[in-house]
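**Student:** Need a 3D model of the following:
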Amino acid sequence: MPTNFAASRRINPAGAPFKLTEAQVTRKVSFGGNPPITEEIEFFESAIIYFNSADMGTSITNILSYDEDGEMILTFSFGGGIPGTPSDSPLTGQELNKMIGGGIDHCIQVFRDLVKNGTITV
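**Tutor:** Numbers count the residues shown, from 1 in each chain. Below you'll find the predicted structure:
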């Protein structure tokens, strides 16, 4: 049975070196090093990106939202399976949160690096 899961992280947690803005975290990116797959991508600027892959039978949604304090939250959600996880040995919710959350943390760090080095100037 495929695994479905979602995890969220604050984009600007306490102690972040500087605050990222909405404009700085809504970018179209490509990821190298993985085998090529066909994905249909729908992009709704400043809110949602849908990634649907008929090749893999998965749907991935990245959501930019706000918590009750107005802080930005980035959520990655997976339906129909999570690329890179074994379907015959499902991971626990805690393990998935650590794995997916690590991907979100990495993505946020890439945004910070791109702002810091001047690639993103918004």
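**Student:** Every contact and neighbour count from this point should use C-alpha atoms.
**Tutor:** Will do.
**Student:** so Ala47 sits right up against Met72, yeah?
**Tutor:** No: the pair Ala47 / Met72 is not scored as a contact, 10.7 Å apart, by C-alpha atoms under 8 Å.
**Student:** Find the residues that touch each one of these two.
**Tutor:** Leu64, Ser65 (C-alpha atoms under 8 Å, 6 or more residues apart in numbering).
**Student:** Check which helix or strand Ile41 maps to.
**Tutor:** Here Ile41 sits within strand 40-44, counting by DSSP states H and E.
**Student:** between Ala47 and Met72, who's got more neighbours?
**Tutor:** Taking neighbours as other C-alpha atoms under 10 Å, Ala47 and Met72 compare with Met72 leading, 21 against 13.
**Student:** Not including adjacent chain positions, what is the nearest residue to the more buried one?
**Tutor:** Using C-alpha to C-alpha, 6 or more residues apart in numbering and skipping the chain neighbours, the partner closest in space to Met72 is Tyr66 (4.5 Å).
**Student:** Phe76 contacts Ile60, correct?
**Tutor:** Yes: under the criterion of C-alpha under 8 Å, Phe76 makes contact with Ile60 at 7.0 Å.
**Student:** of the two, who's got more company?
**Tutor:** Ranked by neighbour count (other C-alpha under 10 Å), Phe76 and Ile60 place Ile60 first, with 22 against 19.
**Student:** mind listing what's buried in the strand holding Ile41?
**Tutor:** Residues of strand 40-44 include none that count as buried (16 or more other C-alpha atoms under 10 Å).
**Student:** Give the other helices and strands that the helix or strand following that strand contacts.
**Tutor:** Per DSSP H and E, the first helix or strand lying C-terminal to strand 40-44 is strand 48-53. Contacts defined by 3 or more C-alpha pairs under 8 Å, 6 or more residues apart in numbering; DSSP states H and E place strand 48-53 against strand 40-44, strand 58-66.
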